[in-house]
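Colleague: next come a sequence and a model predicted from it.
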Amino acid sequence: RDRFYYEKFPSKFAWGSATSAYQTEGAWNVHGKGESIWDNYSHRAPCWYMRNQTGDVACDSYHNFDDDLAIIKELGLTHYRFSLSWSRLFPDGKLTSGPLPDGVRYYNDVINKLIAANVEPMVTLFHWDLPQALQDEFGGFNSSKIILYYVDYADFCFSTFGDRIKYWITFNAPYEYCTQGHGSGTLAPAYGVTEKQQKSMQTQKYLASHKYHVELVIVKCHYSPGEGVYYAAHSIIKSHAQAYHIYNNTYRESQKGQIGITLNSNWADPMTRTDLEHVEASQRNLAFATGWFADPIFGTGDYPDIMRYNVQNISEFFNITHDRLPKFTEAEKLLNKGTSDFFGLNHYTSHLVVPCSYYQNLDGPTYDSDQLTCGDGCAEWLSSASTWLYQVPWGIRKLLIWIKRTYGDPVIYITENGISEHFSDGLDDDIRVNYYKNYINEVLKAIKEDDVNVKGYTAWSLMDNFEWAEGYSERFGLHWVNFTDPERTRIPKKSASYYRSLAGSGTYVRPADEP
Ligand code: PNW
């Protein structure tokens, strides 16, 4: 199982790298751009989070896209994944507020330059930076009103840019957006979380030892409301399905592209493989985290039964009589089902999972406690600069096999995979070389030995950028960015030349220092 493969990836395999708008573009308020929930969140004073850092300038890609293009070409990528900033096109999120000519010009420029360089653009419509006006008016994705505005925006993007786009991604990692943005409050919009709660949560987060999962999960859960997370996910799934049908009915024939969604998924391994309750807990965790979005879109059209069952039972305990987990009508289930041409997968890490029940000790139900599981990385595993990210290469292979079996062998694009180092780390990123070497080899095994239909791989990230709640303190890039230099110079790390040798030849290549 652990042996290495030194053979070729399929010949048309897509090799890419990824970024997102808020994390790289900067230029947060130029040429009429509206405020996004990330502009708003990072500007709150005193800053709740992010060490008082913001994405105001970030990598300044808005002014330096040619520098990005140069390193994309140097890597020999076939694909580049980036996202559009909704409020750069429509400042308040509604069609009536735009389109802003400079936003359209910027993205046309990016797309045209990529195509001229023979690099296929892979475009994410929503990578978390919702226009603040839509958040203020009705709570953003907490309300189903958002669907109307999202589909208008998506339709505009298809009609304006779609003649050149072969890969659309409707949403990036809704799991994180919902559980943190509408749950724990660690990501914007921190919907329903008060400032006091968030400050106290931050203190606890830094005091807690992340090696021992059970206590940490309970601390975090205390602030996770158990309703908003489900409402936000419901709006996202419906928005996604509508956008898919608009593309399918109106644009697919002439534009000949594909449209899908990117889900973030950890692999969940049972803490003890011979313990049936642990095995069931790991399955429950996969259903709650990945099945939550994947079952409606790639499976039955509806949420996993275990989610409905647990949420209902725990609601009864708290005498809650309404549906915390909203219901899809039969017509909506049909609209959801089969609405993704590929399974976009963001994967970084794995967890060991045990059954655990602690909702009885909470003031109210929460998304995490509804699962009746607890999980975290194993203290023995190699770590990273991110508390949540352990290096578990075999986890990606198990997850790919699970997706194949659970969702009928979909086409899979790995849209993100990567590892963080600390702000003070430099160009000799052996950790990242090893991470990519091991993870990508497991992807190759999944393709060759398990016949999983993986068509492409997109490394996160092209360059160091604004790592959300962690600000600039965690570096995920193949390129090192100097954040004190006004030019934001990008310098290749060791991992860039490693990835280049892999992407350039399609062959699994030994790192220079490997015997
Ligand atoms: C993804 N987790 O988020 C996002 O799509 C990127 O924008 C982000 O920079 C990248 O991964 C690295 O964090 C995640 O806790 C956030 O397992 C958290 C987790 C996974 C992915």
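Modeller: Yes, it's here.
Colleague: which helix or which strand is home to residue 71?
Modeller: Taking DSSP states H and E as the definition, residue 71 sits inside helix 61-75.
Colleague: now for that helix, which elements pack on it?
Modeller: Under the contact criterion of 3 or more C-beta pairs under 8 Å, 6 or more residues apart in numbering; DSSP states H and E, the helices and strands touching helix 61-75 comprise helix 101-116, strand 490-492, helix 494-505. Where C-beta positions appear, they are placed from N, C-alpha and C, glycine not excepted.
Colleague: among the ones you listed, which is the most enclosed?
Modeller: Here the criterion is mean neighbour count by mean count of other C-beta atoms under 10 Å, and of the helices and strands packed on helix 61-75 the winner is helix 494-505, at a mean of 20.
Colleague: report the distance from that helix to the chain centre.
Modeller: With C-alpha atoms, centre = their mean, to the nearest Å as the basis, helix 494-505 stands 23 Å off its chain's centre.
Colleague: quick check: mean pLDDT of that helix?
Modeller: Looking at helix 494-505 alone, the average pLDDT works out to 88.
Colleague: packing partners of that helix?
Modeller: Helix 494-505 packs on strand 14-18, helix 61-75, helix 430-448, going by 3+ C-beta pairs under 8 Å, 6+ apart.
Colleague: can I get the ones you listed in a markdown table with mean pLDDT, mean neighbour count and distance to residue 417?
Modeller: Conversion of those to a markdown table gives the following (pLDDT from 0 to 100; neighbours: other C-beta atoms under 10 Å; distance: least, C-beta to C-beta, whole Å):
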| stretch | mean pLDDT | mean neighbour count | distance to residue 417 |
| --- | --- | --- | --- |
| strand 14-18 | 97 | 25 | 9 |
| helix 61-75 | 97 | 19 | 15 |
| helix 430-448 | 95 | 21 | 6 |
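Colleague: save those as a markdown table, and put in distance to residue 242 too.
Modeller: What follows is those, written out as a markdown table (distance: least, C-beta to C-beta, whole Å):
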| stretch | distance to residue 242 |
| --- | --- |
| strand 14-18 | 25 |
| helix 61-75 | 29 |
| helix 430-448 | 32 |
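Colleague: quick one: closest of those to the ligand.
Modeller: Put simply, out of these the one that sits nearest the ligand is strand 14-18, at 8.1 Å, with distance taken as C-beta to the nearest ligand atom.
Colleague: ok, the closest one: who's next to it in the sheet?
Modeller: Strand 14-18 has the following strand partners under DSSP bridges: strand 79-83 (parallel), strand 454-460 (parallel).
Colleague: residues making contact with the helix holding residue 71?
Modeller: The list of residues contacting helix 61-75 from outside it, by C-beta atoms under 8 Å, 6 or more residues apart in numbering, reads 17, 19, 24-27, 30, 59, 80, 106, 109-110, 113-114, 117, 119, 462-463, 478-479, 487-490, 492, 496, 499-500, 503-504.
Colleague: can you pull the residues of this protein lying near the ligand?
Modeller: Within reach of the ligand by C-beta under 6 Å from any ligand atom, the chain has these residues: 20, 23, 172-173, 176, 264, 266, 346, 348-349, 388, 416, 460, 467, 476.
Colleague: the residues you listed: which two are farthest apart?
Modeller: Based on C-beta to C-beta, the longest span within those runs between 23 and 266 and measures 20.5 Å.
Colleague: could you dump the strands paired with strand 14-18 into CSV and include mean pLDDT and distance to residue 190?
Modeller: As requested, the strands paired with strand 14-18 are exported to CSV (pLDDT from 0 to 100; distance: least, C-beta to C-beta, whole Å):
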stretch, mean pLDDT, distance to residue 190
strand 79-83, 98, 20
strand 454-460, 98, 23
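Colleague: and those strands: which comes nearest residue 321?
Modeller: Distances from residue 321 to each of those were compared using C-beta to C-beta; the shortest belongs to strand 79-83, at 39.5 Å.
Colleague: of all the strands paired with strand 14-18, which one is nearest residue 125?
Modeller: Nearest to residue 125, of those and by C-beta to C-beta, is strand 79-83 at 7.2 Å.
Colleague: against residue 25, how distant is the residue lying closest to residue 478 once chain neighbours are set aside?
Modeller: Residue nearest to residue 478 in three dimensions, not counting chain neighbours: residue 496, with 4.3 Å by C-beta to C-beta, 6 or more residues apart in numbering. Counting by C-beta to C-beta, to the nearest Å, the gap between residue 496 and residue 25 amounts to 21 Å.
Colleague: what distance separates stretch 390-398 from the middle of the whole chain?
Modeller: Relative to the chain's own centre, stretch 390-398 is displaced by 17 Å; criterion: C-alpha atoms, centre = their mean.
Colleague: who's in contact with that stretch?
Modeller: By C-beta under 8 Å, 6+ apart, the surrounding residues in contact with stretch 390-398 are 1, 266-267, 269, 347, 349-350, 377-378, 381-384, 414, 417, 419, 434-435, 438-439, 441-443, 445-446, 450.
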